[in-house]
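Colleague: structure, please.
(2 chains)
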There are 2 protein chains.
Amino acid sequence: MRFSLTNEFKEKLKDEIQNHNIDFIKKSLEGISYVDITELLLEFNSFDSKYVIDNIDIETSAMIISELDEDDRKNFLKIFSADELAKFLELIDSDDGADILSELSEDFRNNVISEIEDSEKSKNLKDLLQYDDNVAGGLMAMELVKCNINWKINQCIELIKKQAQNVSNIYSVYVTDNKGKLLGKVSLKDIILAKDNSQIKDVYDDYVISVDAKMNQEEVSQIMQKYDLTVLPVINKRGKLLGRITIDDVVDVITETAEEERQIMSGITSDVEEDDSVWKLSNARLPWLIIGILGGLFGAFFLGSFENNYFKNNQIFLSLTFFIPLIMATAGNVGIQSSSIVIQSLSNPSAFENSVTNRLFKVLFVSIINGIILSIIVYSGLLIFDYFNYLDFELYSQTAIIVSISLFSIVIVSSLLGTITPIILNKLNFNPALASGPFITTTNDLIALAIYFVVALFIGGI
Amino acid sequence: MRFSLTNEFKEKLKDEIQNHNIDFIKKSLEGISYVDITELLLEFNSFDSKYVIDNIDIETSAMIISELDEDDRKNFLKIFSADELAKFLELIDSDDGADILSELSEDFRNNVISEIEDSEKSKNLKDLLQYDDNVAGGLMAMELVKCNINWKINQCIELIKKQAQNVSNIYSVYVTDNKGKLLGKVSLKDIILAKDNSQIKDVYDDYVISVDAKMNQEEVSQIMQKYDLTVLPVINKRGKLLGRITIDDVVDVITETAEEERQIMSGITSDVEEDDSVWKLSNARLPWLIIGILGGLFGAFFLGSFENNYFKNNQIFLSLTFFIPLIMATAGNVGIQSSSIVIQSLSNPSAFENSVTNRLFKVLFVSIINGIILSIIVYSGLLIFDYFNYLDFELYSQTAIIVSISLFSIVIVSSLLGTITPIILNKLNFNPALASGPFITTTNDLIALAIYFVVALFIGGI
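Modeller: Got it, this is the predicted structure:
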């Protein structure tokens, strides 16, 4: 059932492309999903891939072009003429077509549009290009089947027969009034079940969830997930039906959002993948590393001046420095745990939200419990170290008290910071996942160090 | 179109539940999606919620029960009788029904099953309970429409009419042979388009992607995403059609996988949400924090013994400790960046994988570039500090050289570790996201500290 790609087949196909063996290419790729052919062509150079695309059936070629991701496509399409691209665009859904056009230079884009023979298709594409990538209008396809509420079922079936070849997946037929305003929907199942002479208005379902073309894509994705929708109609502000969003596009949004979040959490700036160039990979990583380095230099400066100005007894300061790794690691772990839970609830908003105060109180309780437990563990750990003479601290007992008390304070402060930061970022329309990223964790590290040494000064009474 | 939940409505409804005002409850909830009613009921106590469920139409009630998530449902269902549950189960898809049953105690489960009047439904549910939660069989519903390849279209339409009320969303009709082996599919569109007297074998599509009932749910989800499928048939090892998986269940898998990954990356053990109890939240966080603390104690022990045994001159050791935050933060950032990119490519496997050696070579190049740049930045930073007399190190120039060189080594080592760890975890069937979690980052921290002080010993020549 599923086609399995092998290296042998890849090599064989590469050879036959060199031999211009069109028969072999056609025959061996027949009945294989365009998804698999795309994956295979990505292993070849652009000219070999184009040779394959030129020689298989054009519907499959068009789907391959629409399947490519933006990075791969940008380079690949350079070797196609406007005329060739226009033919592909006539065969694929307008949402994918608009994505492809938006990646082209303005001149080339206009050339391609002018080569499209189907005037409705080129109008649709021009309309879709008006929308931002990340709103409902940027996700929707304009191909859909709609019936007037005053029609009979027969008329609707006739229309489906006429339009069927333009609309790739029909899940529902939308019902509109004379002005095109969305009133409801009829499923294909209900159309098959209905008697031939019944009227649309007797069988349609007037409960239909729709979204405005300007709605943000994350919100669209949340609605489709929440209501388990396979397809979602898009309307303008007067309620007129404009297009439909299908679940596969939203699955892409969900996956991209998760990937973006992971990249933000791990301090990688731009959208990179493992097979990008060494230079691009290095560039994507450097900015946050440099911020971490600057934070570290500031930390060194802070420790240095602290030591010089406040600690007359070097030996105490020295034994305190042994615990810097422990303090920093705990501050980091606690902060990331707290923000992770808040980020999760921000990405699944409910109609009834917790107030910020309630959230902070709850986190405060959790962190007091954890802070007490962790401080006891550290204090006991140091007792054991001392008993076996593993540590050779002067003023041992003072160090143990300083570490335990500052650890307790740091668990509380980092929890609260980790909770409030994503909420603030979200309010300011930044991605709350930034709160788990290097900038905030670096700040968190420095705050933890400051707390540690300030507590030491107070308790040490130095 | 969308119902918007307000606090006023919530309060009003709560009052009318107390007044046993059944008319108000029925009328005000009429035409509202079960998804919204579920969200509303979660704000009430179990008895008030049950009062609502008992008094609205039973189809909606059944959908509400299936919409609840496991945690909420477990408690809520305790106040229902086996008979009441059985009635709900008859109305919802078998996949959701099996999920509900699997959450019940064995005795109660058997009671509920014996109360189900529809014998096909109870057989289906018993069959589904045999599958693990996380395989294709655990995701599939058994309700589907299938036609024999030798039928006429008319016969198929008759069957659809008969089965339509049992199957909530029909996207495709599956085509099987006399033994029930899956041969292909016909879309409802094609059925509408076909002439009445045509045969299934003339209009069906023999290209259909299917999965084995034992396939892991992550793999199922990858296939549905890759091939943009809305519904995916499930077969047994002899090719017999067993059921179908719909995209909404896979969207849940995708979201859960992303959430699980975030929790692993941020060191939270079990599946917790912000509205869980303080105790549960605290418990979920403690294990990794304790591991971090143990790592920190080991770090302290390491630094202490290093200082005692190798550094005769305390002053050099002291100035080196100022840079511990810088060293640790960079090691952590580099490690997480590297593993994040590998985790991403592991979760989108391609037919043609990079070899481990190729990956490591690439990462090596990236880290050499970044290591050189970061070392230069640190060295220059220290030159500037020195120029303005910000730092009061003895043996300043030696410290600057030690920090720069060990930073370079640490960038390379942490990159390689960050790359190889998720690959190894994946090979051992662990979640590769563990590589970004606290255990590995703690190890990474300690390795970085060790490199730092070993480099210091060599260069300092102490």
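
Colleague: so what secondary structure elements neighbour the host helix or strand of A:Ser338?
Modeller: Per DSSP states H and E, A:Ser338 falls inside helix A:324-347. Applying 3 or more C-beta pairs under 8 Å, 6 or more residues apart in numbering or on different chains; DSSP states H and E, one finds that helix A:324-347 contacts helix A:356-387, helix A:396-427, helix A:438-460, helix B:247-265, helix B:278-310, helix B:324-347, helix B:438-460. Using the backbone N, CA and C atoms, a C-beta is placed for each residue, glycine as well.

Colleague: tell me which strands and helices the fifth one is in contact with?
Modeller: When you say that, I think you mean helix B:278-310. helix A:314-321, helix A:324-347, helix A:356-387, helix B:314-321, helix B:438-460.

Colleague: quick check: which of the ones you listed is buried the most?
Modeller: Per-stretch averages of neighbours, counted by mean count of other C-beta atoms under 10 Å in any protein chain shown, single out helix A:324-347 among the helices and strands packed on helix B:278-310, with a mean of 26.

Colleague: and that one, what's its mean pLDDT?
Modeller: Mean per-residue pLDDT for helix A:324-347: 87.

Colleague: now do it against helix B:324-347, angle only.
Modeller: With axes from the mean of the first three to the mean of the last three C-alpha atoms, to 10 degrees as the basis, helix A:324-347 and helix B:324-347 are set at 40 degrees to each other.

Colleague: list the contacts of the residue minimising distance to the centre of chain A.
Modeller: Centroid-nearest residue in chain A: A:Thr257, 1.3 Å away (criterion: C-alpha atoms, centre = their mean). Residues near A:Thr257 by C-beta atoms under 8 Å, 6 or more residues apart in numbering or on different chains: A:Glu218, A:Ser221, A:Ser347.

Colleague: you'd agree A:Ile100 is up against A:Leu85?
Modeller: Yes - contact criterion C-beta atoms under 8 Å: A:Ile100 and A:Leu85 qualify, at 7.5 Å.

Colleague: returning to what we had before: among the helices and strands packed on helix B:278-310, which is nearest B:Trp151?
Modeller: Closest to B:Trp151 of those, according to C-beta to C-beta: helix A:324-347, at 46.9 Å.

Colleague: one step back: in CSV: the helices and strands packed on helix B:278-310, plus distance to B:Tyr131.
Modeller: Shown next, in CSV, are the helices and strands packed on helix B:278-310 (distance: least, C-beta to C-beta, whole Å):
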stretch, distance to B:Tyr131
helix A:314-321, 56
helix A:324-347, 28
helix A:356-387, 37
helix B:314-321, 57
helix B:438-460, 32
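
Colleague: is the lowest-mean-pLDDT helix or strand in chain A anywhere near chain B?
Modeller: For chain A, using mean pLDDT, DSSP states H and E, the weakest element among its helices and strands is helix A:314-321, scoring a mean of 78. Yes - applying C-beta under 8 Å from any C-beta of the partner chain, one finds helix A:314-321 touching chain B at A:Asn314, A:Phe317, A:Leu318, A:Ser319, A:Thr321.

Colleague: again, but for stretch A:192-202
Modeller: Yes - contact of stretch A:192-202 with chain B (C-beta under 8 Å from any C-beta) involves A:Ile192, A:Leu193.

Colleague: mind giving me the domain split of chain A?
Modeller: Annotated domains of chain A cover A:7-122, A:146-260, A:278-460 [automatic domain parsing].

Colleague: any idea how far chain B is from A:Glu103?
Modeller: For A:Glu103, the distance to chain B equals 20 Å [C-beta to the nearest C-beta, to the nearest Å].

Colleague: A:Leu374 now?
Modeller: Distance from A:Leu374 to chain B, by C-beta to the nearest C-beta: 6 Å.

Colleague: related to what we said a few turns ago, who wins for proximity to A:Ile245 among the helices and strands packed on helix B:278-310?
Modeller: helix A:324-347 (19.2 Å).

Colleague: just give me how far that closest one sits from the chain centre.
Modeller: Centre-to-centre, helix A:324-347 and its host chain are 21 Å apart (C-alpha atoms, centre = their mean, to the nearest Å).

Colleague: what's the answer for stretch A:70-80, then?
Modeller: 23 Å.

Colleague: can you check stretch A:246-254 too?
Modeller: In terms of C-alpha atoms, centre = their mean, the centre of stretch A:246-254 is set 11 Å apart from its chain centre.

Colleague: what is the rounded mean pLDDT of that stretch?
Modeller: According to the model, stretch A:246-254 has a mean pLDDT of 88.

Colleague: contact partners of that stretch?
Modeller: For stretch A:246-254, contacts defined as C-beta under 8 Å, 6+ apart pick out A:95, A:139, A:141, A:169, A:217-218, A:220-221, A:224-225, A:229-231, B:224-225, B:228, B:230, B:247-248, B:250-251, B:254-255, B:258.

Colleague: what about burial for those, which qualify?
Modeller: Buried members of the contacts of stretch A:246-254, scored by 16 or more other C-beta atoms under 10 Å in any protein chain shown, are A:95, A:139, A:141, A:169, A:217, A:220-221, A:224-225, A:229-231, B:224-225, B:228, B:230, B:247-248, B:250-251, B:254-255, B:258.

Colleague: what's the closest non-adjacent residue to the residue in the stretch 301-450 of chain A that chain B sits nearest to?
Modeller: Per C-beta to the nearest C-beta, the residue of the stretch 301-450 of chain A with the smallest distance to chain B is A:Leu326, at 2.4 Å. Distances taken as C-beta to C-beta, 6 or more residues apart in numbering or on different chains put B:Gly296 closest to A:Leu326, at 2.4 Å, once the chain neighbours are dropped.

Colleague: ok, the one you found - contacts?
Modeller: By C-beta under 8 Å, 6+ apart, the contact set of B:Gly296 is A:Phe323, A:Pro325, A:Leu326, A:Ile327, A:Ala329, A:Thr330, A:Val378, B:Thr442.

Colleague: list the contacts of A:Ala300.
Modeller: A:Ala300 is in contact with B:Phe322, B:Phe323, B:Pro325, B:Leu326, B:Leu391, counting by C-beta under 8 Å, 6+ apart.

Colleague: with A:Glu90 instead?
Modeller: By C-beta under 8 Å, 6+ apart, the neighbours of A:Glu90 are A:Ile116, A:Glu117, A:Asp118, A:Lys121.
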